[in-house]
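> Would you be able to build a 3D model of this:
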Amino acid sequence: MTTIESAAIDDMRTRFSGLLLGPDDAGYEEARMIHNGMIDKRPAVIAGCRGASDIIEAVKFARTAGLEIAVRGGGHNVAGNAVCDDGIMIDCSLMKGVFVDKNERTALAQTGVTWGELNRETQLHGLATTGGEVSSTGIAGLTLGGGFGWLMSKHGLAADNVLSVQIVTAAGDLLTASADENPDLFWALRGGGGNFGVAASIEYRLHPVGPTVVSGLVAHPLDKATDVLRFFREFTADIPDELTAWAGMLHAPDGSGAPIAAIAACHCGEAARAAAAVRPIKEFGAPIMDVMGPQSYTATNAMLDAGFPRGALNYWKSSFVRDLNDEAIATIAGKFGTCPSAMSGLLVEHIHGAVTRVPPDGTAFPHRQRGYSLLVVSQWMDPAESDENIAWARETYDALEPYRAVGRYVNYIGDEGAEDPAPAAYGINYERLRSIKTKYDPENLFHGNQNIRPA
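Just a heads-up that it's a prediction; the model follows:
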């Protein structure tokens with residue numbers, strides 16, 4: 001463990017309004033733990049920031065002390081980049097301000113806010129923006145990496161709805177990135193992850209949504225998995241923008257752990273059109289569970305929360321899918337049948353609509369083609385079961401190699417070993433991102449991420 005002189009900490013306290021925690025302080029153990037229970041790292045100091053000024057002080061302290069930097073918002077990132085050993089965790093989770101302008105249809109939120117918290121404020125006015133598929137996810141990490149969510153087919157990615165970002169750079173400067181100010185940085189932040197600084201706040205464009213949408217999940221027995229996936233493939237060939245849907249090989253949410261094949265969806269449009277759009281899902285086959293119907297958007301955003309509990313051990317593999325053909329479907333169904341944990345699953349997310357109408361170089365997020373994203377979620381509770389669950393995820397991912405596309409969604413990337421996932425994550429935009437990285441972080445101070453190295 002790196003030892004930091006107490007005098008240096010005391011000096012920082014004179015300029016810091018938040019919480020500074022060392023390994024011997026009350027609250028340190030709780031503060032260092034993030035969503036993925038597989039991550040067990042011990043920072044030398046945790047800087048719980050209350051605003052942009054605290055972030056600036058933390059960045060300057062890290063530079064002076066030569067410390068590794070980790071940045072925490074919601075702490076959901078599966079790779080565990082929100083915490084580091086021996087360095088400083090710049091913890092923004094105390095920064096919870098949300099300011100909604102219902103007339104301009106915008107929201108300004110500090111970067112410790114979760115999607116559930118943002119939705120709670122925006123839905124007071126019947127407004128929302130694309131957020132995560134799990135409400136406890138932080139807004140910052142998801143948005144900076146692109147941002148899949150239940151509204152993306154109608155309203156684009158979370159990153160596509162960003163109007164401005166207030167960010168602390170490696171030099172300790174507080175900049176605003178928008179279409180008018182620092183536009184190169186604004187382009188890079190919409191998909192480039194945490195490579196360019198520490199975001200203090202994000203301003204979003206809002207849209208009329210809800211408060212009631214049609215959403216939920218329809219499930220079938222596992223022996224119908226191939227039929228369900230084939231139906232999903234045909235169904236998603238032509239669906240309206242208002243409808244976002246994915247298919248999954250999951251375990252029943254009733255506590256039984258029974259393996260199921262399910263389709264989940266959200267239609268954010270007018271009620272009659274929504275009911276008609278999801279009717280084929282509800283009428284296909286003989287479902288053993290149908291909980292798809294009218295519910296609030298806030299409930300929709302939280303409907304998967306129980307399946308991703310804080311502290312569970314997680315290991316993920318993911319890729320975009322080149323072809324969801326019958327062979328790929330058979331492989332998905334077959335590998336799920338060997339899953340060792342009743343918490344794990346395979347998700348196939350459909351991408352269409354507004355996401356695909358942004359040019360690949362319109363933002364840093366390049367993956368704009370219509371198709372599917374595949375996510376292998378290996379999740380368990382007992383550390384003694386880690387080896388077999390990690391092995392299952394890797395074997396499943398390898399078995400799907402013939403059907404995988406080159407591209408990677410940066411927010412789903414976990415432990416890649418020696419592989420550098422950045423070129424696949426950023427595609428045609430990688431070299432431009434490297435140039436912008438060189439401008440704003442030439443020494444690669446912010447490298448605890450899916451790193452874009454300076455040119």
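> and the residue nearest the centre of the chain, what helix or strand is that in?
Computing the C-alpha centroid of the chain and ranking residues by CA atoms, centre = their mean puts Leu142 first, at 3.8 Å. Leu142 is located in helix 139-144, with elements delineated by DSSP states H and E.
> for Leu20, same thing?
Element membership of Leu20 [criterion: DSSP H and E] is strand 19-21.
> Centre of the chain to that strand, how far?
27 Å (CA atoms, centre = their mean, to the nearest Å).
> now what about the helix or strand that it is followed by, what contacts it?
Where DSSP H and E defines the elements, the next helix or strand beyond strand 19-21 is helix 28-32. With contact meaning CB atoms under 8 Å, 6 or more residues apart in numbering, helix 28-32 is reached by 19, 21-22, 41-43, 46, 48, 83, 89, 91. C-beta: built from backbone N, CA, C; applies to glycine.
> With stretch 120-128 instead?
98, 100, 102, 105, 107, 119, 129, 151, 206-211, 296-298.
> Now do the residue lying closest to Met33 once chain neighbours are set aside, the pLDDT please.
Nearest-residue entry for Met33: Gly311, 7.4 Å, with adjacent residues in sequence omitted and distances by CB to CB, 6 or more residues apart in numbering. Per-residue confidence (pLDDT) for Gly311: 92.
> what about Gly311, which helix or strand?
Gly311 belongs to no helix or strand, assigned by DSSP H and E.
> residues near it, how many?
12 (other CB atoms under 10 Å).
> Isn't it up against Ile34?
No: Gly311 is beyond contact range of Ile34, at 9.4 Å (criterion: CB atoms under 8 Å).
> residues shared between the contacts of the two?
Between them, Gly311 and Ile34 share no contacting residue, judged by CB under 8 Å, 6+ apart.
> those helices in the stretch 101-250 of the chain, which residues are they?
115-122, 139-144, 152-155, 183-189, 225-235 (DSSP state H, counting those that start in this stretch).
> Point out the most buried one among these.
helix 139-144 (a mean of 29; mean count of other CB atoms under 10 Å).
> Count the neighbours of Gly75 for me.
27.
> So what touches the helix holding Leu142?
73-74, 76-77, 82, 92, 109, 111, 113-115, 118, 131-132, 148-149, 158-159, 162, 189-194, 199, 202, 411.
> Sketch out the low-pLDDT regions of this structure for me.
1-3, 5, 7, 255, 417-418 (pLDDT under 70).
> Got the domain ranges for it?
Per the record, the chain has its domains at 6-91, 98-209+431-440, 212-412, by automatic domain parsing.
> Ranking the ones you listed by mean neighbour count, which comes first?
Greatest average neighbour count among the domains of the chain goes to domain 98-209+431-440 (a mean of 22), per mean count of other CB under 10 Å.
> Can you give me the end-to-end span of that one?
Domain 98-209+431-440 has an end-to-end distance of 27 Å (criterion: CA to CA, to the nearest Å).
> do stretch 191-210 as well
27 Å.
> before we move on, the earlier item: any chance of a markdown table for the domains of the chain, columns distance to Gln450?
Listed next are the domains of the chain as a markdown table, based on distance: least, CB to CB, whole Å:
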| stretch | distance to Gln450 |
| --- | --- |
| domain 6-91 | 8 |
| domain 98-209+431-440 | 6 |
| domain 212-412 | 5 |
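> Tell me which of those domains lies nearest to Asn451.
If you check each of these against Asn451 by CB to CB, domain 98-209+431-440 wins as the nearest, at 6.7 Å.
> helices or strands up against the host helix or strand of Ile390?
Secondary structure from DSSP H and E places Ile390 in helix 386-399. Under the contact definition 3 or more CB pairs under 8 Å, 6 or more residues apart in numbering; DSSP states H and E, helix 386-399 sits against strand 313-321, helix 326-336, strand 371-380.
> Reformat the ones you listed as JSON lines; add distance to Glu395.
Below are these laid out as JSON lines (distance: least, CB to CB, whole Å):
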{"stretch": "strand 313-321", "distance to Glu395": "10"}
{"stretch": "helix 326-336", "distance to Glu395": "7"}
{"stretch": "strand 371-380", "distance to Glu395": "10"}
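> Of all the ones you listed, which one comes closest to Phe284?
The nearest among those, by CB to CB, is helix 326-336 at 15.1 Å.
> right, and the helix or strand after that closest one?
Counting by DSSP H and E, what follows helix 326-336 is strand 345-351.
> ok, Ala264 touching Ala245?
Yes: counting by CB under 8 Å, Ala264 touches Ala245, with 6.9 Å between them.
> To Thr363, which of the helices of the stretch 101-250 of the chain lies closest?
Once the helices of the stretch 101-250 of the chain are compared by CB to CB, helix 183-189 is nearest, at 6.2 Å.
> So what touches the closest one?
144, 159, 162, 164-165, 167, 175, 177-179, 195-196, 199, 363-364, 432-433, 436-437, 439-440.
> Now find how far off-centre it is within its chain.
19 Å.
> if we can go back for a sec, for the helices of the stretch 101-250 of the chain, give me JSON lines that also has distance to Arg279.
Output for those, formatted as JSON lines (distance: least, CB to CB, whole Å):
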{"stretch": "helix 115-122", "distance to Arg279": "27"}
{"stretch": "helix 139-144", "distance to Arg279": "31"}
{"stretch": "helix 152-155", "distance to Arg279": "18"}
{"stretch": "helix 183-189", "distance to Arg279": "40"}
{"stretch": "helix 225-235", "distance to Arg279": "11"}
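> quick one, what contacts Ile56?
Shown in contact with Ile56 (CB under 8 Å, 6+ apart): 168, 172, 174.
> Which SSE is immediately downstream of the helix or strand containing it?
Here Ile56, judged by DSSP H and E, is contained in helix 52-65. Downstream of helix 52-65, the first helix or strand assigned by DSSP H and E is strand 69-72.
> Parallel or antiparallel, list what pairs with that next one.
Note on strand 69-72: by DSSP bridges, its sheet partners are strand 88-91 (parallel).
> Outside of the strand it pairs with itself, list whatever touches it.
Contact with strand 88-91 is made by 31-32, 43-49, 55, 58-59, 61-62, 65, 67-72, 82-83, 198, as judged by CB under 8 Å, 6+ apart.
> Then stretch 438-450?
Against stretch 438-450 from outside (CB under 8 Å, 6+ apart): 59, 62-63, 68-71, 79, 81, 84, 169-170, 184-185, 193-198, 410, 413, 421-422, 425, 437, 451, 453-455.
> let's see 6 Å
70, 81, 84, 169-170, 193-196, 410, 413, 421-422, 425, 454-455 (CB atoms under 6 Å, 6 or more residues apart in numbering).
> Just name the closest of the residues you listed to Gly307, please.
Distance to Gly307 across these (CB to CB) is lowest for Ile413, with 20.3 Å.
> That closest one - how many residues pack around it?
25.
> Check the gap between it and Ala79 for me.
In this view, Ile413 and Ala79 are 6 Å apart by CB to CB, to the nearest Å.
> likewise His350?
25 Å.
> cool, Ala455 as well?
Taking CB to CB, one finds Ala455 at 24 Å from Ala79.
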